[in-house]
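Participant: Build me a structure from this.
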Amino acid sequence: MCGIVGIVKKSASTSLSEKDSLELALSLQSHRGPDASSLWSDQRVVLGHNRLSIIDLSTSANQPFHRDDLGLVVIFNGEIYNYLILREELQAKGASFTTQSDTEVLLLAYHFYGKDFLKKLVGMFAFLIYNKNSGEVFIARDRFGEKPIFFIDSEDTFYFASELRALKQIYPKTLTINQEAVIDLMEQMYIDSSHTIYEEVLVFPPSTYLEIQSGHLNWETYYEFPKGQENEISFENLKVQANDLLTEIISKQLHADVPVATFLSSGIDSSLVTAIAKEIKSDIVAITMSTGDPSTDEVGQASTFAKKLEIKQEVVTINTGSLGVLAKLLKNIQPLADASLIPTHLVTNQVSSHTKVMLSGDAGDEVFGSYRKPILYKEHPSNFGVFGKFLIDVAQKISPNGSSKYLSDMNRIRLAGWDGFYTKTNLNGLFNQVFLSGKPLNLVYQKAQELKPNYKENLEKLSFGVDMLTRLPSDFLFKVDAASMASSLEVRAPFLDHRLVDLSFKSPISALMPSGIDKEVTRSLYRDYAGYEHQGSKKGFSFPYSDYLYGEWGNILERFLNEGLSQSYLNFNSEGIQSILKSHRIKPQQKLARVLFGVLVMEIWLRVFHLDIEVDLDIN
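Facilitator: The predicted model follows:
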């Protein structure tokens, strides 16, 4: 796991000032790879790499890595889990290796197979390969967006980096705040990957590669998850295949030349990953977060599970009340209002002194359950059509804070199906109190409409596709990468192996949840390993920010609003937001807290990232 940054010239030549700028960019994202940092350049490219050593710890595996005999240079962020299998396959074809790294396997696979080698890769990755002889540049990103690439495609230069701060450093012009992205963040708590906080910056799409040759850019998709396809399979057969695949996947993901641990919450997914890891590696250590707050603490159930399976457990106690942690993280990335960003960083930061790799249960919900939405859709079919959506619109206007019983997820689906469900955003009824002008976006609703034709034969599975293309890459995976890499720690997600995704997404709801029980496959596997049914629900890596906003965090927010910066730069309605804060303090409500937390995130980001000024976040 590392950081990459680079400049590709479409015309003209690289300059000394660009090399100097890239050196500084490397220092700005050194937390992504504190073990080594270097750049390589010629007249066409300047390539930089920060290395976090995981496989082959020797300096011979440092990057940018080049094979002069092949005329190829690579910078690579991620892990190729099947690299040993590919290495043997390549050796059979006559390939020779100078290191034990997966980076060299990646490079040789490209040399022998060309762009088709992407279909052979099992892993998470963001990389660039440069052919010194032909001048061709090849860039690719993993199938689901685990490893980030932000880029700017200008008239004569292509700029890219793992983190937004590094990209901003190498781009010579001023960046413009994208007001639609500000609205997007306030609606969903994250910015959809179809755009970014800056108008000039884009996110490199998952499952995509880019070829740059003679100034021409050729974009291609190399993988698509199954949409609307279904294979006949029984629940028991699906369960056996899922268990076998997970065991194989976790076995490969446990491979590293540094210590490996697992996240262990009270949820099904992290527990299942930990249980399987224990069978493969008996001395595996499970890390559990403790907040000391009964509303968010998961130690009790996680410890019961660990003791039952005789798993070594480390409980990490964290204090989530520090806004300084949020400011530290936002100084490097585009805004994100996922509250679990803070505790995820705090936990990884505390264990990074003795652990460099952690396995997580991330994406288990998206791959095997879609948060019970398909069950709701099947159990409560919509019978009201357009009139149902009209009723939802009326309810939202009457009850902008979302407390109306008509606005529950179940009733949204009952009244207007997926159209009713996906009309929900944090700003329903509150838009004009938050912004001085503009209009709602709801990009999730738009994505659902785009995907509908693919699911016309099994519409109950629409949410699987929506989850995979919206919140998963733009929120959850971005959060985990940003929070863990700020701690110089790698997080691996077994549930995001594309073979497991394909298995689940091709299976009908009748096989995934035959008894109408959410995540029935993984829930049943949990029971097999634990010897008892999973109880309760996962609380997640979160904290009671609603309470914090009621008190001192609210005071800081008021101070920021009164300074007037966000009204100028973000089009915020300061008076309207303060009225929301007042309402929350009179009667705390989670929806209002989400909006206020989103505003606070934007206020902090504006200062520490865009304006690069110090902020006083002391709580008296």
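
Participant: what about the closest residue to K308 other than its chain neighbours, neighbour count?
Facilitator: Excluding the flanking residues, the one nearest K308 by C-beta to C-beta, 6 or more residues apart in numbering is A530, at 6.0 Å. Yep, even glycine has a C-beta here, placed from its N, CA and C like the rest. Per other C-beta atoms under 10 Å, the neighbour tally for A530 reads 17.

Participant: show me what contacts D257?
Facilitator: Taking C-beta atoms under 8 Å, 6 or more residues apart in numbering, we find D257 in contact with 53-57.

Participant: Let's see that with 7 Å instead.
Facilitator: D257 is in contact with 54-57, counting by C-beta atoms under 7 Å, 6 or more residues apart in numbering.

Participant: Of those residues, grab the buried ones for ChimeraX.
Facilitator: Command for ChimeraX that selects the buried part of those, burial taken from 16 or more other C-beta atoms under 10 Å:
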select :54,55,56
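
Participant: Name the nearest of the contacts of D257 relative to K168.
Facilitator: Nearest to K168, judged by C-beta to C-beta, of the contacts of D257 is I54 at 27.4 Å.

Participant: Distance-wise, check the residue lying closest to the closest one once chain neighbours are set aside relative to A482.
Facilitator: Spatial nearest neighbour of I54, chain neighbours left out: A256 (5.2 Å); criterion: C-beta to C-beta, 6+ apart. A256 sits 21 Å away from A482, going by C-beta to C-beta, to the nearest Å.

Participant: Which of these two has more residues huddled nearby?
Facilitator: It is A482, of A256 and A482, that has more neighbours when counted by other C-beta under 10 Å, with 24 against 16.

Participant: for that one, what are its contacts?
Facilitator: Here A482 is in contact with 329, 333, 341 (C-beta under 7 Å, 6+ apart).

Participant: again, only using 8 Å
Facilitator: Contacts of A482 (C-beta under 8 Å, 6+ apart): 163, 329, 332-333, 336, 341, 345.

Participant: repeat for G48
Facilitator: Per C-beta under 8 Å, 6+ apart, neighbours of G48: 4-6, 22-23, 25-26, 37-39, 64, 75.

Participant: And the protein, split by domain according to the record?
Facilitator: Domain assignment for the chain by automatic domain parsing gives 2-221, 229-426+438-542, 544-620.

Participant: Determine how far the first one lies from the middle of the whole chain.
Facilitator: If you compare the mean C-alpha spot of domain 2-221 with that of the full chain, they lie 18 Å apart, counting by C-alpha atoms, centre = their mean, to the nearest Å.

Participant: Make 56 the first number, not 1, from now on.
Facilitator: Sure, I'll start counting at 56 from here, so that last one is domain 57-276.

Participant: Could you list every helix and strand in contact with whatever helix or strand T577 lives in?
Facilitator: Per DSSP states H and E: T577 is located in helix 575-585. On a contact count with 3 or more C-beta pairs under 8 Å, 6 or more residues apart in numbering; DSSP states H and E, helix 575-585 meets helix 290-308, helix 323-335, helix 419-423.

Participant: on contacts alone, who are the packing partners of the next helix or strand after it?
Facilitator: Next in sequence after helix 575-585, counting helices and strands by DSSP H and E, comes helix 600-605. Secondary-structure packing of helix 600-605 (3+ C-beta pairs under 8 Å, 6+ apart): helix 607-618, helix 629-641, helix 645-660.

Participant: Of all those, which one comes closest to S358?
Facilitator: That would be helix 645-660 among those, by C-beta to C-beta, at 27.9 Å.

Participant: Sketch out the low-pLDDT regions of the protein for me.
Facilitator: Judged by pLDDT under 70, the chain has its weakly predicted residues at 56, 454-461, 592-596, 673-675.

Participant: For N186, list the residues it contacts.
Facilitator: Contacts for N186 (C-beta under 8 Å, 6+ apart) come out as 126-127, 192-193.

Participant: M540: how many residues sit nearby?
Facilitator: For M540, the tally of surrounding residues (other C-beta under 10 Å) stands at 29.

Participant: That one touches H86, doesn't it?
Facilitator: Yes. The pair M540 and H86 qualifies as a contact (C-beta atoms under 8 Å) at a distance of 6.4 Å.

Participant: What's the first helix or strand after whichever strand or helix holds E73?
Facilitator: Element membership for E73, per DSSP H and E: helix 71-83. Next along the chain after helix 71-83, taking DSSP H and E as the criterion, comes strand 91-96.

Participant: packing partners for that following strand?
Facilitator: helix 71-83, strand 100-106.

Participant: could you redo the helices and strands packed on helix 575-585 as TSV and give each row distance to L666?
Facilitator: TSV is the format used below for the helices and strands packed on helix 575-585 (distance: least, C-beta to C-beta, whole Å):
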stretch	distance to L666
helix 290-308	40
helix 323-335	38
helix 419-423	36
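
Participant: Same list (those) but as JSON lines, adding mean neighbour count and distance to T158.
Facilitator: What follows is the helices and strands packed on helix 575-585, written out as JSON lines (neighbours: other C-beta atoms under 10 Å; distance: least, C-beta to C-beta, whole Å):
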{"stretch": "helix 290-308", "mean neighbour count": "18", "distance to T158": "17"}
{"stretch": "helix 323-335", "mean neighbour count": "24", "distance to T158": "25"}
{"stretch": "helix 419-423", "mean neighbour count": "25", "distance to T158": "28"}
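
Participant: Of all those helices, which one comes closest to P281?
Facilitator: Among these, the nearest to P281 by C-beta to C-beta is helix 419-423 (11.8 Å).

Participant: name the helices or strands packed onto that closest one?
Facilitator: helix 323-335, helix 517-524, helix 553-560, helix 575-585.

Participant: so which of the ones you listed gets nearest R662?
Facilitator: helix 517-524 (31.9 Å).

Participant: now the helices for the stretch 306-455 of the chain?
Facilitator: 323-335, 354-363, 378-385, 396-406, 419-423, 428-434, 440-453 (DSSP state H, counting those that start in this stretch).

Participant: for those helices, which one sits closest to Y605?
Facilitator: With C-beta to C-beta as the measure, helix 378-385 is the member of the helices of the stretch 306-455 of the chain nearest Y605 (14.7 Å).

Participant: Please name every helix or strand in contact with the closest one.
Facilitator: Looks like helix 378-385 contacts helix 396-406, helix 645-660 (3+ C-beta pairs under 8 Å, 6+ apart).

Participant: now these as CSV including distance to N626 and mean neighbour count?
Facilitator: Below are the helices and strands packed on helix 378-385 laid out as CSV (distance: least, C-beta to C-beta, whole Å; neighbours: other C-beta atoms under 10 Å):
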stretch, distance to N626, mean neighbour count
helix 396-406, 24, 23
helix 645-660, 11, 23
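
Participant: okay if I get these as a markdown table plus distance to V441?
Facilitator: Shown next, in a markdown table, are the helices and strands packed on helix 378-385 (distance: least, C-beta to C-beta, whole Å):
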| stretch | distance to V441 |
| --- | --- |
| helix 396-406 | 39 |
| helix 645-660 | 26 |
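
Participant: in stretch 349-358, what counts as buried?
Facilitator: 351-354, 356-358.
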